[in-house]
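Q: I'd like to go over a predicted model; first the sequence, then the structure.
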Amino acid sequence: MRWALVRVCLAVTTMVVVAFAVPLGLVIKEMARDRAFSNAERQAAVVVPALSITTDREQLERVVASAGTGDGMAIHLPAGDGKPALDLGRRRATTEDIEAVRALGRASTAQVPGGSVLLQPVALSLGTVVVEVYVPESEVSNGVGTAWAVLAGVGAALVVGSVAVADRLGVRMVRPAQRLVEGAHELGEGKLGARVPEDGPTELRLAAVAFNSMADQVVHLLANERELAADLSHRLRTPLTVLRLNAASLGDTPAAEQTRAAVAQLEREVDTIIRTAREAKPQTAAAGPGAGCDAAEVVRERMEFWSALAEDEGRKWRVAGVERPVRIPVARADLAAALDALLGNVFRHTPQGTAFAVDVHNGEDAVIVLVSDAGPGIPDPEAAMARGRGSGSDGSTGLGLDIVRRLAETTGGDVRVGSSVLGGAEVRIWIQLDGRRRTPAGRGHRGRVRRRRRLATR
């Protein structure tokens with residue numbers, strides 16, 4: 001915006017300078033020409049009285065010499081009284097021009113080598129005498145170059161001055177706009193304390209006031225949302241307490257132990273939600289060397305939990321790729337929540353006895369976690385990924401898949417829903433290790449992973 005304003009001012013000022021300087025320069029040139037020929041007319045007028053008195057050659061030569069023009073003046077006497085035509089001084093004009101002036105009876109100018117000549121006719125008794133005054137080109141253009149240089153300097157000064165003023169005005173307008181853009185970027189990045197100084201032109205000042213008001217409103221709304229989430233989560237403590245007491249009375253059976261473990265984990269998750277809402281700290285991937293978790297360990301832990309329920313429902317299950325540690329830049333709790341959401345969908349939306357599998361594939365730049373089942377599949381994967389819509393079946397909201405998607409996107413990866421080799425649905429979590437977006441080479445790696453998984457199931 002600043003440079004655009006400078007360019008516009010430069011163009012406008014240049015056009016104005018040209019519009020005034022060129023005509024003014026032409027006027028100066030014409031004035032110099034008129035001045036030179038006016039001087040020539042005065043010189044010609046000096047010899048007119050002498051011509052009216054005498055036509056003697058010697059006397060006229062003395063008059064011409066006294067005029068101080070050197071060889072710049074000539075007198076052309078016509079033939080008469082048996083005397084031939086006589087030219088006094090250095091003749092530069094052609095015979096045709098001289099005769100044309102005699103015939104017209106008025107002064108005229110003609111171009112000659114090196115300049116111009118003024119031909120002034122004087123009517124005498126013996127005929128029309130023509131006085132010729134030479135005007136060199138240097139006299140015609142005397143002072144014109146200096147005038148043009150002055151005009152050019154003034155024009156350049158005006159252009160430079162206008163550009164400087166426009167630059168200052170541009171800075172005054174652009175800086176508040178830049179601060180507004182930077183504040184918007186900071187607010188978009190989650191820096192809720194970003195504010196913009198309320199200065200500059202009236203329109204930008206009003207925009208800054210509106211932005212600061214909007215930022216304050218966003219902070220207020222987020223605070224209210226956090227409080228609401230904490231309050232709603234706290235309401236779960238009462239039914240959780242009842243569940244924990246009931247689970248304590250179930251005895252020492254494996255099912256009872258699983259129930260108590262599930263209740264304890266649910267209490268921990270509710271506590272985490274309340275603390276997160278109160279402290280406003282995002283539960284996302286950790287950053288920095290050594291941060292994250294071991295995906296293989298988390299998968300083994302969660303499969304131990306879900307395997308008990310799978311045995312109760314007669315489901316066959318399989319887990320692969322968890323023999324060795326697989327480090328990923330994702331918080332342990334986030335990965336566990338994502339796996340629970342996907343495995344919970346398998347148990348919730350497929351008939352009892354439906355097999356499922358979890359595969360972990362460790363690549364050079366990414367880790368792929370595949371959760372597949374042998375159920376009816378997902379007819380509309382795009383709708384299933386939409387937050388708040390789900391697959392359309394009872395109990396499906398799409399929040400579980402949205403949790404998985406956000407986890408993958410924090411690392412630069414993504415989530416895809418498709419068909420599995422078991423015949424049902426397959427959810428592929430692509431976790432980027434270096435935080436960059438997946439490239440076409442990554443898709444080739446995905447194909448190799450799929451081929452390896454098919455070979456492992458044969």
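A: Here it is on my side, so go on.

Q: what about the stretch 251-400 of the chain, any weak spots by pLDDT?
A: Applying pLDDT under 70 to the stretch 251-400 of the chain flags the ranges 274-291, 386-400.

Q: please enumerate the helices of it.
A: Using DSSP state H, counting those that start in this stretch, the helices of the stretch 251-400 of the chain run over 254-279, 295-312, 332-349, 381-385, 399-409.

Q: among these, which comes closest to D34?
A: Nearest to D34 among the helices of the stretch 251-400 of the chain is helix 399-409; the distance by C-beta to C-beta comes to 81.8 Å. Where C-beta positions appear, they are placed from N, C-alpha and C, glycine not excepted.

Q: can I get the closest one as PDB, trimmed to CA atoms?
A: In PDB, the C-alpha atoms belonging to helix 399-409 read as follows (Å, rounded to 0.1, in the frame of the first residue of the first chain):
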ATOM      1  CA  LEU A 399     -16.600 -36.200  17.300                       C
ATOM      2  CA  GLY A 400     -14.400 -39.300  17.700                       C
ATOM      3  CA  LEU A 401     -13.100 -39.000  14.100                       C
ATOM      4  CA  ASP A 402     -12.700 -35.300  14.600                       C
ATOM      5  CA  ILE A 403     -10.500 -35.900  17.600                       C
ATOM      6  CA  VAL A 404      -8.300 -38.300  15.600                       C
ATOM      7  CA  ARG A 405      -8.100 -35.800  12.700                       C
ATOM      8  CA  ARG A 406      -7.000 -32.900  14.900                       C
ATOM      9  CA  LEU A 407      -4.300 -35.100  16.500                       C
ATOM     10  CA  ALA A 408      -2.900 -36.000  13.100                       C
ATOM     11  CA  GLU A 409      -3.100 -32.500  11.700                       C
END
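
Q: quick one, that helix and helix 332-349 angle?
A: Angle, helix 399-409 to helix 332-349, by axes from the mean of the first three to the mean of the last three C-alpha atoms, to 10 degrees: 150 degrees.

Q: show the secondary-structure elements that helix 399-409 is packed against.
A: When contacts are defined as 3 or more C-beta pairs under 8 Å, 6 or more residues apart in numbering; DSSP states H and E, helix 399-409 packs onto helix 332-349, helix 381-385, strand 414-419, strand 425-432.

Q: which one of these lies closest to G153?
A: strand 425-432 (62.7 Å).

Q: which residues touch that closest one?
A: Residues outside strand 425-432 that contact it (C-beta atoms under 8 Å, 6 or more residues apart in numbering): 295, 328-330, 338, 342, 365-373, 375, 377-378, 401, 404, 407-408, 411-420, 438, 442, 446.

Q: one step back: reformat the helices of the stretch 251-400 of the chain as JSON lines; add distance to V112 and mean neighbour count.
A: Formatted as JSON lines, these follow (distance: least, C-beta to C-beta, whole Å; neighbours: other C-beta atoms under 10 Å):
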{"stretch": "helix 254-279", "distance to V112": "99", "mean neighbour count": "15"}
{"stretch": "helix 295-312", "distance to V112": "101", "mean neighbour count": "17"}
{"stretch": "helix 332-349", "distance to V112": "99", "mean neighbour count": "20"}
{"stretch": "helix 381-385", "distance to V112": "92", "mean neighbour count": "17"}
{"stretch": "helix 399-409", "distance to V112": "89", "mean neighbour count": "20"}
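
Q: want to throw these into a markdown table with distance to V160?
A: Conversion of the helices of the stretch 251-400 of the chain to a markdown table gives the following (distance: least, C-beta to C-beta, whole Å):
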| stretch | distance to V160 |
| --- | --- |
| helix 254-279 | 58 |
| helix 295-312 | 65 |
| helix 332-349 | 60 |
| helix 381-385 | 60 |
| helix 399-409 | 52 |
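
Q: so for F20, which of those sits nearest?
A: Ranking these by proximity to F20 (C-beta to C-beta) places helix 399-409 first, at 61.7 Å.

Q: if you compare the directions of the closest one and strand 425-432, what angle comes out?
A: Using the same axes, to 10 degrees: helix 399-409 against strand 425-432 is 30 degrees.

Q: let me know the secondary structure of the nearest residue to R172 once chain neighbours are set aside.
A: Residue nearest to R172 in three dimensions, not counting chain neighbours: G200, with 6.6 Å by C-beta to C-beta, 6 or more residues apart in numbering. Here G200 is recorded as coil under DSSP: H, G, I helix; E, B strand; the rest coil.

Q: so how many other residues sit close to G200?
A: By other C-beta atoms under 10 Å, the residues close to G200 number 20.

Q: give me phi/psi at it?
A: Reported as degrees, to the nearest 10, the phi and psi values for G200 are phi 100, psi -160.

Q: quick one: it from A208, how far?
A: For G200, the distance to A208 (C-beta to C-beta, to the nearest Å) stands at 7 Å.

Q: what do those two both touch?
A: Counting by C-beta under 8 Å, 6+ apart, the residues touching both G200 and A208 are P176.

Q: follow-up on the earlier one: out of the contacts of strand 425-432, which are buried?
A: Buried members of the contacts of strand 425-432, scored by 16 or more other C-beta atoms under 10 Å, are 295, 328-330, 338, 342, 366-373, 375, 377-378, 401, 404, 407-408, 411-413, 415, 417, 420, 438, 442, 446.

Q: was I right about A374 contacting V421?
A: No. Using C-beta atoms under 8 Å, A374 makes no contact with V421, being 9.4 Å away.

Q: more neighbours: these two, which one.
A: For A374 and V421, the more surrounded residue by other C-beta under 10 Å is A374, and the numbers stand at 21 against 16.

Q: so what's the residue count around the nearest residue to the more buried one once chain neighbours are set aside?
A: Nearest non-adjacent residue to A374, counting by C-beta to C-beta, 6+ apart: L422, 4.0 Å away. Residues near L422, counting by other C-beta under 10 Å, number 19.

Q: now V12
A: With other C-beta under 10 Å as criterion, V12 counts 13.

Q: one more: S249?
A: A count of neighbours around S249, defined by other C-beta under 10 Å, yields 7.

Q: check it and give its pLDDT.
A: With respect to pLDDT, S249 scores 73.

Q: now G413
A: 89.

Q: what's it in contact with, if anything?
A: A366, I429, W430, I431, Q432, R438.

Q: can you redo those as a markdown table with distance to A384?
A: Converted to a markdown table, the contacts of G413 look like this (distance: C-beta to C-beta, whole Å):
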| residue | distance to A384 |
| --- | --- |
| A366 | 23 |
| I429 | 14 |
| W430 | 17 |
| I431 | 20 |
| Q432 | 22 |
| R438 | 21 |
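
Q: hmm, which of those is lowest in pLDDT?
A: Ranking the contacts of G413 by pLDDT, R438 lands last with 47.

Q: circling back: which stretch among the helices of the stretch 251-400 of the chain comes nearest V360?
A: For V360, the closest of these is helix 295-312, at 5.8 Å, according to C-beta to C-beta.
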